[in-house]
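Participant: build me a model:
(one chain, ligands or ions: 5)
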Amino acid sequence: LASLLTFQITILNPDPFRAAFESYLERSIPEEPESLYDPVRTCIKSGGKRLRPILTALCAGVEERDLSWLGSAAAVELLHTFTLVHDDIMDNAATRRGIPTVHVQYGRDAAILSGDVIVALAVKALAESGSQAIQQKLEEFAKGFQAVCDGQALDKEYEVRSSLSQKEYIAMIELKTSRMFELAAVLGALDGPIHDLEAIRLFARNIGLAFQIQDDILDLTGDEKFGKTIGGDVLEGKRTILFVLAMEKYNACGESDRILLDRLRDRKASEDNIRPIRALFERMGVLNEARTIAERYTDDAEAHLLNVRSGAQRDNLRAFGQWLLGRAI
Ligand code: IPE
Ligand code: IPE
Ligand code: MG
Ligand code: MG
Ligand code: MG
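Facilitator: Residues are numbered from 1 along each chain as shown. Ligands and ions are numbered 1, 2, ... in the order given. Reported below is the predicted structural model:
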């Protein structure tokens, strides 16, 4: 988190934002039943990057002291937290934010139900986010919520597909990841002077794509700071951007490389295969290609910023997008 705070963005630096936001989140969690809310509290307090609330704040474009966007930011972060808890069950993930995942620590039943109730807390936060544009906020929230579920369904469907086009991959991550960034941005914009809503929406969608591509890259190349099991996607046979790009070059590969790619495609890769697969992707240029694609989506995002009238907001959002691209956490 320290590196997040090096942002040259006033709203991100000061403690008022963090402190107010974190205490708002904490206050939204009931005490009992403990079997339900202990896991909720654990995952909410486990130190996420809070990227979506930061985006909400930036898109509201309000003064540092004006915290009218707090409810919206909490609603998105809570919805995001629900997706993580259920995603970790679906992806068989053992570690998140450097600690055991909810289903590992508390069991599967507790993880399912805590995930569910976090959505209820999200809706409450949204309801508390003020009456301004509440109807539209509700619609956007429901759309984002449904989109993540649609995307997660495709993510699971694609796991058993032997090939996937870049187009299919992008459509899937747009749903499972981008739409949550879009929701964060749009709710923020609706809390602000509501200028430039469509530009902000398209900016967020595009940085969301770059963000998921970077997540796929870090899943294989990150270090312990990333907080998740490195190589987790390889072990689970996830259809990441790296998989898609590597399979495009399958026919140009030699025999032993193909054997490795076959294992990945057939979801039989083991711990021992992680380093060789990383080395192969490096050699094939797949990692660089993925980085270039993420940069391209960030460029596309920045192009939409030209339609945002506030110079300060443009600068902040550009810095945010660039930070996402360069992140290692
Ligand atoms: C992880 O999101 C889920 C993806 C969409 C890849 P983050 O990397 O923003 O997760 P936290 O909240 O910071 O842990
Ligand atoms: C993220 O996909 C999409 C979500 C809706 C959570 P991932 O499965 O890649 O997310 P991480 O890597 O587990 O955070
Ligand atoms: Mg997943
Ligand atoms: Mg996952
Ligand atoms: Mg991932």
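
Participant: make it CA atoms for all contacts and neighbour counts henceforth
Facilitator: Fine.

Participant: quick check: the most far-flung residue of the chain relative to its centre vs residue 262, distance?
Facilitator: Relative to the centre of the chain, the most outlying C-alpha is that of residue 255, 36.3 Å out, by C-alpha atoms, centre = their mean. Counting by C-alpha to C-alpha, to the nearest Å, the separation of residue 255 from residue 262 is 10 Å.

Participant: any residue of the helix or strand bottoming out on mean pLDDT in the chain touching ligand 1?
Facilitator: None of the helices or strands of the chain scores lower by mean pLDDT, DSSP states H and E than helix 15-27, at a mean of 85. No - Helix 15-27 lies apart from ligand 1 when judged by C-alpha under 6 Å from any ligand atom; the minimum separation is 13.1 Å.

Participant: how far off centre is that helix?
Facilitator: Its chain's C-alpha centre and that of helix 15-27 lie 20 Å apart, by C-alpha atoms, centre = their mean, to the nearest Å.

Participant: in it, which residues are buried?
Facilitator: Residues of helix 15-27 classed as buried by neighbour count (16 or more other C-alpha atoms under 10 Å): 17, 18, 21, 22, 25.

Participant: leaving out the residues flanking it, which one is nearest to the third one?
Facilitator: Put plainly, it is residue 21. residue 70 (6.5 Å; C-alpha to C-alpha, 6 or more residues apart in numbering).

Participant: list the residues that contact the one you found.
Facilitator: By C-alpha atoms under 8 Å, 6 or more residues apart in numbering, the contact list for residue 70 reads 21, 24, 57, 129.

Participant: let's see that with 10 Å instead.
Facilitator: Residues counted as contacts of residue 70 (C-alpha atoms under 10 Å, 6 or more residues apart in numbering) are 17, 20-22, 24-25, 53, 56-57, 125-126, 128-130, 188, 191.

Participant: do residue 81 as well
Facilitator: 40, 43, 44, 48, 75, 87, 114, 115, 118, 119, 122.

Participant: pretty sure the third one sits against residue 77.
Facilitator: Yes - assessed by C-alpha atoms under 10 Å, residue 44 is found in contact with residue 77 at 8.9 Å.

Participant: do I have it right that residue 120 meets residue 78?
Facilitator: Yes - the criterion here is C-alpha under 10 Å, and residue 120 meets it with residue 78 at 9.0 Å.

Participant: who has more neighbours, those two?
Facilitator: More neighbours surround residue 78 than the other of residue 120 and residue 78, with 26 against 16 (other C-alpha atoms under 10 Å).
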